[in-house]
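In: dropping the sequence and predicted coords here.
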Amino acid sequence: MVQAQYEESHNLKIGVLQVGDDVALKGKLSAKMLPRGVAGTSLLYKILGGAAYNDKNLAHLEDLGKIINENLFTFGVSMDSCSLPGQAKSHALGEDEIEIGMGIHGEPGAKKEKWMKCSDLVTQLLDSIMKGESINSGKIVVMVNNLGSVTNLEMTSIVNDVMNYFGKQNEVKVARLISGPVMTSLDMNGISLTVLRLPEDKSAEILSYIDMPVDSPCWPKAVNLEDKADNVIELHKKEEKIGEVDHGA
């Protein structure tokens, strides 16, 4: 807001958009408090940056930003808060605890729970988004964000569990998958899952901006899954059948 006031004072045209994609504290905030802006903010930056690069005017950016903001949802979890240089951790978790909804600066989340299977944790986070926001059909963009110190092996397992989850959602199609350290919090050992619901009339435009190449070495390339969605569902069905055979044996 300070920057906006500065630019206004220099007669520059500006627009202000406050992102609030965090759903962890939904229903627990007062009327005057807005949801936190977390990893989904980076995805919004990427899309609006693509629009600006394509010479879209400020009014278009503001309108598109509001549409994205209304359809952008993130839920995170961590096994530990981040370490701020020269300071003690904001709060500590037990050796067998995780915190659902911890903020990117180590702010308290929605609740603490005992460790659980990765697939169960992914299901809990995505159910909160998909059911809580009534996303029952259509195309979506999914982002799996490494908050800082999750290993590549662990991220691969998490992404697999995410795709298995959506393999069961026959009416929901994952159009793009983004995975990596998009919005980190120093050494925080956790992840966040972001879902962007694609409005039908804006889907092609938004996806074109997501697909635009960038020079940033840290932005992970989005994987186009539109032609692979059926294969993901079929793979999940085969895994279920194999599991049934193993269980029967």
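Out: Nice, thanks for sending it over.

In: what residues sit buried inside stretch 112-132?
Out: By neighbour count with 16 or more other C-beta atoms under 10 Å, stretch 112-132 contains the buried residues L121, V122, T123, L125, L126, S128, I129, M130. C-beta here means a position set from N, CA and C on the backbone, and glycine is covered the same way.

In: burial count for the closest residue to D80 other than its chain neighbours?
Out: Closest residue to D80 apart from its sequence neighbours, by C-beta to C-beta, 6 or more residues apart in numbering: N189 at 4.8 Å. Look at N189: counted by other C-beta atoms under 10 Å, it has 19 neighbours.

In: surely N189 and G76 touch.
Out: No: taking C-beta atoms under 8 Å as the definition, N189 is not a contact partner of G76, at 11.6 Å.

In: any common contacting residues for these two?
Out: L147 (C-beta atoms under 8 Å, 6 or more residues apart in numbering).

In: what about the residue positioned nearest the centre of the chain, which SS state?
Out: Central residue of the chain (C-alpha atoms, centre = their mean): T194, 1.7 Å from the mean position. Following DSSP: H, G, I helix; E, B strand; the rest coil, the label given to T194 is strand.

In: that one contacts K46, doesn't it?
Out: No: contact between T194 and K46 fails when scored by C-beta under 8 Å: they sit 11.6 Å apart.

In: and the residue nearest to the centre of the chain, how close does it get to V19?
Out: 11 Å (C-beta to C-beta, to the nearest Å).

In: repeat for I210
Out: 16 Å.

In: show me the shaky parts of the chain.
Out: 1-11, 27-33, 88-91, 106, 109, 228-249 (pLDDT under 70).

In: ok, which stretches of it are strands?
Out: For the chain, the strands defined by DSSP state E cover 72-78, 97-100, 111-114, 138-146, 172-180, 190-197, 223-224.

In: what lies in contact with the third one?
Out: So that's strand 111-114. Counting by C-beta under 8 Å, 6+ apart, L93, D96, E97, I98, E99, I100, G101 sit against strand 111-114.
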